[in-house]
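K.L.:
no sequence on this one, just coordinates:
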């Protein structure tokens, strides 16, 4: 047998072996596509106000108690309002809040927070955190789960 015939025979044997090995492999399962994220029934605590962090002892929260509703704590006062969510688009407000005394940094944070919420345009949940992107702000508001 010539050396080219031996090489051709070896190539055929290798192809058959590789084909048999390939069939024994289990097919890779595609990752299930992520469904739409629902915020209804979730509770969040603000951990970053568009790159400014948050002040201690003035917990700002955001909850979605039922479809079409939003509520929470601005830093001193409770608030409530409407929530329109379509895919990753979000519109919050108008918001109404209580008028308890709120001074200093807590007052400033609350004003900035409530203003930002009413400017929300889109959201995403990444690594278990809610990122709320707001018109006019370079960085998102970032929340961690309060549950």
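P.N.:
Thanks, I have the structure now. Not measured: the values here are computed from a predicted model.
K.L.:
quick one: low-confidence residue ranges for the chain.
P.N.:
Along the chain, segments meeting pLDDT under 70 span 1-36.
K.L.:
give the buried residues for the helix or strand harbouring residue 116.
P.N.:
Using DSSP states H and E, residue 116 sits in helix 104-118. Neighbour counts over helix 104-118 (16 or more other C-beta atoms under 10 Å) mark 106-107, 109-110, 112-114, 116-117 as buried. Every residue, glycine included, has its C-beta placed from N, CA and C.
K.L.:
with distance to residue 144 added, can I get the residues you listed in CSV?
P.N.:
CSV is the format used below for the buried residues of helix 104-118 (distance: C-beta to C-beta, whole Å):
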residue, distance to residue 144
106, 20
107, 24
109, 17
110, 19
112, 19
113, 15
114, 19
116, 17
117, 17
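K.L.:
ok, those residues vs residue 91, which is closest?
P.N.:
Nearest to residue 91, judged by C-beta to C-beta, of those is residue 117 at 10.1 Å.
K.L.:
and the residue lying closest to that closest one once chain neighbours are set aside, how many residues sit next to it?
P.N.:
Closest residue to residue 117 apart from its sequence neighbours, by C-beta to C-beta, 6 or more residues apart in numbering: residue 92 at 4.9 Å. Residues lying near residue 92 (other C-beta atoms under 10 Å) number 24.
K.L.:
what pairs with residue 92 across the strands?
P.N.:
Beta-bridge partners of residue 92, counted by DSSP bridges, are residue 83.
K.L.:
pretty sure it is touching residue 118, no?
P.N.:
Yes: Residue 92 lies in contact with residue 118 (C-beta atoms under 8 Å); the separation is 6.1 Å.
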